[in-house]
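Participant: Below are the sequence and a predicted model for it; my questions follow.
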Amino acid sequence: MTMTHATRLLDWYDRHRRTLPWRAPAGKRSAPYLVWLSEIMLQQTTVATVGDYFHRFVKRWPTVDALARAPIDEVLSAWAGLGYYARARNLHACARAVTEHHGGVFPRDEEELLALPGIGPYTAAAIRAIAFDEPASAVDGNVERVIARLFAIETPLPDAKAEINLRAAALVPQRRAGDYAQAMMDLGATVCTPRRPRCVICPLMAGCVARKRGIAEELPRRAPKAERPTRRGLAFVLTRKDGAVLLRKRPTKGLLGGMDEVPSSDWREGTLSIIEALKQAPVPARWKVLDGGVRHTFTHFHLELAVAHAVAATSGLAKLAPGSAWCTVDQMTDRALPTVMRKVIEHVAKG
């Protein structure tokens, strides 16, 4: 790709750039804090989903210092529903590191950025390019697709990543690197789409090898994914007569680390034994296993939860395990409840 192609892409971007909550107006640069926050939120999540979360975060914590001072439970609660909750913990840890070790100012040096919690090569490159206009190559899924098609790279992902990254890095212009990075992202999101790419309106159409060969929609190729296993368990929804629900805190490390949850049996592969699972109930009660259940998909496995419900007896309220607490209906929106747990509670509400 020559600079002529870069110029064409930037000309296209000047006319068709998307308006996004975290994107600065034309000719301006976004603050590093906003670039970082949006990029972390956008990992494994769509632009449409992130918008409202981004607005709420920035309104509540307008600076990295403000986010660093926030209690982690408040950050997890505000993140609830975005998924991949390790991102939220790393987000908070990164904000604290920037405040404590960099005076509240994001570094522009690549090594210093990579040393921060939750920042990998892509996020570091995006911050350097978009916030500081450094000629860094930010390769996300959209850019991977554009590059794979532009050069007709037929090696399946993830094996193709090394070649794609090398090709992408060679294309970054010295001027307007931030606009170029965002232009590539926009091109992949709106024109060079996974299905039915709009090649006839693409500013890079003339130089696209995959288009010339008629294989654009087939790229990038991907190695077959291993089938996700299914784990099963029994969720225990214990309520009081006032409607409050018993919640407990998950361990800090691991899946859904530090989030609130409805108590449940172990999540295991294979057939679920209700009789055995009931032995893991948080308190003795008249547990009723409801019809149906809840299904949720995580990155590496499917989860199927049967749901048991009981109303707490007054005499049993003092026997709760450490880390457990009652959550009233009006407090529910302020708790760090992951989506799967909200599904479980809603399942009980539906009867």
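Facilitator: Arrived safely. Numbering: from 1, shown residues only.
Participant: For the residue lying closest to residue 110 once chain neighbours are set aside, pull up the helix or strand it's in.
Facilitator: Counting by Cβ to Cβ, 6 or more residues apart in numbering, the nearest residue to residue 110 once its immediate chain neighbours are dropped is residue 124, at 5.6 Å. Placement of C-beta: from N, CA and C, glycine included. Following DSSP states H and E, one finds residue 124 within helix 121-126.
Participant: Give me the distance from that helix to the chain's centre.
Facilitator: With Cα atoms, centre = their mean, to the nearest Å as the basis, helix 121-126 stands 15 Å off its chain's centre.
Participant: Next SSE downstream of the longest helix seen in the chain?
Facilitator: Across the chain, the longest stretch assigned as helix under DSSP state H is helix 86-101. Next in sequence after helix 86-101, counting helices and strands by DSSP H and E, comes helix 110-114.
Participant: Could the C-alpha coordinates of that following helix be exported in PDB?
Facilitator: Coordinates of the C-alpha atoms in helix 110-114 are reproduced here as PDB (Å, rounded to 0.1, in the frame of the first residue of the first chain):
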ATOM      1  CA  GLU A 110       5.100   2.100  24.300                       C
ATOM      2  CA  GLU A 111       7.000   0.100  27.000                       C
ATOM      3  CA  GLU A 112       5.500   2.300  29.700                       C
ATOM      4  CA  LEU A 113       2.000   1.700  28.400                       C
ATOM      5  CA  LEU A 114       2.500  -2.000  28.100                       C
END
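Participant: For that helix, buried residues please.
Facilitator: By neighbour count on 16 or more other Cβ atoms under 10 Å, the buried set for helix 110-114 is residue 113.
Participant: now do stretch 298-315
Facilitator: Of the residues in stretch 298-315, those buried under the neighbour-count criterion (16+ other Cβ under 10 Å) are 298, 303, 305-310, 312.
Participant: for stretch 328-343, same thing?
Facilitator: Applying a neighbour-count criterion of 16+ other Cβ under 10 Å, one finds 332, 335-338, 340-343 buried in stretch 328-343.
Participant: So which of these belong to helices?
Facilitator: With helices identified by DSSP H, the entries of the buried residues of stretch 328-343 that belong to them are 340-343.
Participant: same for the longest helix of the chain, what does it pack against?
Facilitator: Contact analysis of helix 86-101 by 3 or more Cβ pairs under 8 Å, 6 or more residues apart in numbering; DSSP states H and E lists helix 32-42, helix 64-69, helix 72-79 as its packing neighbours.
Participant: related to what we said a few turns ago, now, the buried residues of stretch 298-315 that are in strands?
Facilitator: Helix and strand membership here follows DSSP state E; of those, those in strands are 303, 305-310.
Participant: Residue 49: which of the residues you listed is nearest?
Facilitator: Nearest to residue 49 out of these is residue 303 (Cβ to Cβ; 20.3 Å).
Participant: I figured residue 154 hits residue 216, correct?
Facilitator: No - look at residue 154 against residue 216 with Cβ atoms under 8 Å: they stay out of range, at 11.8 Å.
Participant: Strands of the protein, start to end?
Facilitator: 230-239, 245-249, 260-261, 268-269, 288-289, 294-297, 302-311, 324-327.
Participant: hmm, back to that, which of residue 154 and residue 216 has more residues huddled nearby?
Facilitator: In terms of neighbours (other Cβ atoms under 10 Å), residue 216 is the more surrounded of residue 154 and residue 216; the figures are 22 against 14.
Participant: Not counting residues beside it along the chain, what's closest to the more buried one?
Facilitator: Nearest to residue 216 is residue 210, by Cβ to Cβ, 6+ apart, at 4.2 Å.
Participant: cool, and residue 99?
Facilitator: Nearest to residue 99 is residue 68, by Cβ to Cβ, 6+ apart, at 4.1 Å.
Participant: The one you found: what's it in contact with?
Facilitator: With Cβ atoms under 8 Å, 6 or more residues apart in numbering as the criterion, the residues that contact residue 68 are 92, 95-96, 98-100, 104.
Participant: redo that, cut-off 6 Å
Facilitator: Taking Cβ atoms under 6 Å, 6 or more residues apart in numbering, we find residue 68 in contact with 95-96, 99.
Participant: ok, now residue 249?
Facilitator: Counted by Cβ under 6 Å, 6+ apart, residue 249 has contacts residue 323.
Participant: in the stretch 151-300 of the chain, which spans are helices?
Facilitator: All helices of the stretch 151-300 of the chain, identified by DSSP state H, counting those that start in this stretch, fall at 161-171, 177-190, 209-213, 274-278.
Participant: among these, which is nearest residue 8?
Facilitator: Comparison of these against residue 8 by Cβ to Cβ identifies helix 177-190 as nearest, at 9.9 Å.
Participant: sorry, back to before: could I get the ones in helices among the buried residues of stretch 328-343 as JSON lines with distance to residue 19?
Facilitator: Converted to JSON lines, these look like this (distance: Cβ to Cβ, whole Å):
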{"residue": "340", "distance to residue 19": "33"}
{"residue": "341", "distance to residue 19": "34"}
{"residue": "342", "distance to residue 19": "31"}
{"residue": "343", "distance to residue 19": "33"}
